[in-house]
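J.: Turn this into a structure:
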Amino acid sequence: MKRLLKKLFRYLAHRHNRCVSLYQKICRPKSDEWADYLRQHGRFVAIGADCQILASTAIHDPEYVRIGNNVSLSQCTLIGHDGSIAVLNKAYNVRLEGVGKIDIRDNVFVGWGAIILPGVTIGPNAIVGAGAVVTRDVLPGDVVGGVPAKPICRVDDLVQRLQTQTQELPWGALIQSREGAFDAKMEPELKRLRRKHFYGAEQTNSAG
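T.: Below is the predicted model:
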């Protein structure tokens, strides 16, 4: 019965944009599935291929948001308008505009808890660190972090450093041989080797 309900709510959400809250609650869509739903019904300017968007990501003004290919959004927040404008208009008897685009180009990762403010272009080939507040453009190939976000290093340098670190790990050969970013058959052995490396011979009794 539960499987049938999941199938029904997934169908209603993706095909007809109905029962979306029940779809989220019952199906708990993975990030690629949620990106596919948003591509169809999210009112974005565009969402490219091979994207990962957590359902917990807060995107307040999708009409002004464009997302390229191979973009991953963690539980972050995208804000396309300045909420203070309404207060300023009333306080100063003015008529101001505070809406801006958020243009996320190809091959971009946005970390957990990051906030992207209006008028920003990110990438391509860029990383926004967890908790960063992005108030200005992130240049192609930059890794940024902090409040406000500032360049930390270049993505090319980060990849080279991570390649070296991975090769030196006791389980580095397994990483090179696994299929995709996650291999269920290999994961138990990877977890065992990681725990042994992190904590030595005496490992915790935690499951998995």
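
J.: Run through the helices of the protein in chain order.
T.: Remark: helices assigned in the chain by DSSP state H are 2-16, 20-22, 31-41, 85-92, 155-168, 172-177, 187-199.

J.: which of the ones you listed is buried the deepest?
T.: The highest average neighbour count among the helices of the chain, using mean count of other Cβ atoms under 10 Å, belongs to helix 31-41 at a mean of 18. For every residue, glycine as well, the C-beta is placed using N, CA and C.

J.: got the angle between that one and helix 2-16?
T.: Put simply, helix 31-41 runs at 40 degrees to helix 2-16, going by axes from the mean of the first three to the mean of the last three Cα atoms, to 10 degrees.

J.: Remind me what helix 31-41 packs against, helices and strands.
T.: Under the contact definition 3 or more Cβ pairs under 8 Å, 6 or more residues apart in numbering; DSSP states H and E, helix 31-41 sits against helix 2-16, strand 46-47, strand 52-53.

J.: Show me how this structure divides into domains.
T.: Domain ranges of the chain: 1-30, 43-154, 169-208, per automatic domain parsing.

J.: list the buried ones in stretch 107-124?
T.: Buried residues in stretch 107-124, counting neighbours by 16 or more other Cβ atoms under 10 Å, are found at 107-111, 114-124.
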